[in-house]
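> Next input, structure requested:
(one chain, ligands or ions: 2)
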Amino acid sequence: MSTLITNIGELMTQDHEHAVLKNAAVVFEGERISWIGAAADAPAADERIDAGGRAGLPGWVDSHTHLVFAGDRTAEFEARMAGEDYAAGGIAVTTDATRAATDYDLTRLLLGRVAEANAGGTTYLETKTGYGLDVDHEARSARIAAGVVDEVTYLGAHLVPAGLDPEDYVRLVCGPMLDAVRPYVSWADVFCERGAFTAEQSREILAACRDAGLGLRVHGNQLGPGAGVQLAVEFGAASVDHVNHLTGADLDALASTWSGYDDGSGPRGTVATCLPACDLSTRQPLARGRELLDAGVQIALASNCNPGTSYTTSMAYCVTTAVLQMRLSVHEAVRAATAGGALALRRETGVDADGARAVGSLAVGHRADVQLLNAPSVTHLAYRPGVPLTHAVWKQGSRIV
Ligand SMILES: N=CN[C@@H](CCC(=O)O)C(=O)O
Ligand SMILES: [Zn+2]
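Ligands and ions are numbered 1, 2, ... in the order given. The predicted structure is shown next:
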């Protein structure tokens with residue numbers, strides 16, 4: 001089955017050349033893109049969709065979420081808006097509610113959040129465990145997530161549960177808990193922050209997870225300066241996320257991981273993932289996306305959807321905020337929310353050992369994940385803030401919106 005989407009007024013491909021095509025068309029063959037170019041040259045296909053001059057772009061790649069949870073934290077949010085600071089301890093409230101939920105309810109809640117993300121144009125999703133915090137509940141969260149989302153990250157190192165000795169808990173995270181989640185996850189993450197895990201504890205956990213064959217990610221430098229960025233660089237993590245409080249040395253360390261990447265002489269480095277919706281909800285200074293880009297660091301934008309610090313699945317909101325307040329161009333912000341997210345998940349290129357296709361950019365052979373906006377140009381995402389512009393979404397070649 002092939003599908004032609006034609007009469008696309010502006011197509012932002014986010015491919016290697018950063019091409020933005022006018023009067024464009026794209027053809028899918030099954031789950032993959034088989035052709036892309038000028039509408040006038042497009043080949044015939046089994047199905048023909050007229051985009052009516054609308055703008056098209058890759059589906060969003062949301063590379064940082066915490067979607068497996070029950071309960072809500074409205075009261076904590078209200079207190080924060082009244083002036084209280086965010087503290088990691090709130091994670092325990094969600095952990096209690098999550099442990100109390102049935103498998104059926106947790107799955108239903110997760111599916112609802114994924115559907116909400118899809119409706120806003122998200123076509124590739126990572127999510128984390130981290131609201132189970134004991135062996136059985138972490139394994140359950142990982143198992144449920146693995147049946148629903150594209151990438152699952154083990155975040156047993158989210159908070160030390162009350163009453164446990166931190167060193168005992170770290171041993172659990174590095175041992176029996178890691179063994180229990182291992183069949184379901186491909187990534188591990190650690191919340192390296194005051195009130196969560198120290199640099200030394202984080203290092204021990206990252207080493208154990210690396211030795212178990214997991215790719216690494218780090219929550220770092222969110223609430224103040226800290227060791228997260230340096231640890232992420234030391235371990236060759238695919239991303240370090242939050243990055244609100246960076247020293248010059250942190251910026252240099254991140255930039256050094258990307259030297260030679262652009263001209264093909266160096267490997268992929270550590271992506272700095274900015275979470276603007278979270279920054280606003282926690283009243284942290286916005287991550288310095290502009291400065292990171294100018295220093296040569298590859299960045300991603302992600303929703304960080306979770307009940308504590310960022311209860312939104314809207315990648316469009318993140319893009320809008322990045323343009324209006326972080327001083328990214330529309331092209332840069334869209335890139336960070338598509339190809340940047342893919343880079344943070346190491347899914348930006350070709351066919352890998354799992355047979356998975358590249359996501360986050362529109363090129364022949366890549367996964368057919370495309371969204372059309374109810375707008376003539378992608379700029380409308382920032383020009384018309386808050387307006388739901390999603391018109392149609394295809395994921396792996398199938399229309400889902
Ligand atoms: N910072 C750590 N974890 C989440 C928040 C979790 C929570 O408060 O429930 C985050 O990414 O912001
Ligand atoms: Zn997070």
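
> quick one: low-confidence ranges for the protein?
Applying pLDDT under 70 to the chain flags the ranges 350-356.

> okay, which residue is most central for it?
When the chain is reduced to its mean C-alpha position, the nearest residue by CA atoms, centre = their mean turns out to be S63, at 1.5 Å.

> I'd say that one and T273 touch.
Yes - between S63 and T273 there is a contact under CB atoms under 8 Å: 6.2 Å. To be clear about C-beta, it is placed using only N, CA and C from the backbone, and glycine gets the same treatment.

> Can you pull the residues that touch both of those two?
Jointly contacting S63 and T273 under the rule CB atoms under 8 Å, 6 or more residues apart in numbering are 239, 300, 302, 340-341, 344.

> can you redo those as a markdown table with secondary structure and distance to H245?
Shown next, in a markdown table, are these (DSSP: H, G, I helix; E, B strand; the rest coil; distance: CB to CB, whole Å):
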| residue | secondary structure | distance to H245 |
| --- | --- | --- |
| S239 | strand | 17 |
| A300 | strand | 18 |
| A302 | coil | 18 |
| G340 | helix | 21 |
| G341 | helix | 22 |
| A344 | helix | 20 |
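
> Looking at those, which is nearest V378?
Nearest to V378 among those is G340, at 15.1 Å by CB to CB.

> What is the burial count for the closest one?
Burial of G340, expressed as a neighbour count using other CB atoms under 10 Å, amounts to 30.

> and if you look at W394?
By other CB under 10 Å, 24 other residues sit near W394.

> The one helix or strand it maps to pairs with which strands, parallel or anti?
Assigned by DSSP states H and E, W394 belongs to strand 390-395. Note on strand 390-395: by DSSP bridges, its sheet partners are strand 370-373 (antiparallel), strand 398-399 (antiparallel).

> Report the distance from it to the chain centre.
Between the centre of strand 390-395 and the centre of its chain there are 18 Å (CA atoms, centre = their mean, to the nearest Å).

> Output that strand as PDB, nothing but the C-alphas.
Listed next in PDB are the C-alpha coordinates belonging to strand 390-395 (Å, rounded to 0.1, in the frame of the first residue of the first chain):
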ATOM      1  CA  THR A 390      -2.500  19.700  14.200                       C
ATOM      2  CA  HIS A 391      -4.400  18.800  11.100                       C
ATOM      3  CA  ALA A 392      -3.300  15.200  10.300                       C
ATOM      4  CA  VAL A 393      -0.700  12.800  11.600                       C
ATOM      5  CA  TRP A 394       0.800   9.600  10.100                       C
ATOM      6  CA  LYS A 395       2.800   7.200  12.300                       C
END
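
> Identify all contacting residues around that strand.
3, 5, 28, 49, 54, 59, 118-121, 123, 316, 368-374, 399-401.

> Can you flag which of those belong to strands?
Among the contacts of strand 390-395, the members found in strands (DSSP state E) are 3, 5, 28, 49, 123, 370-373, 399.
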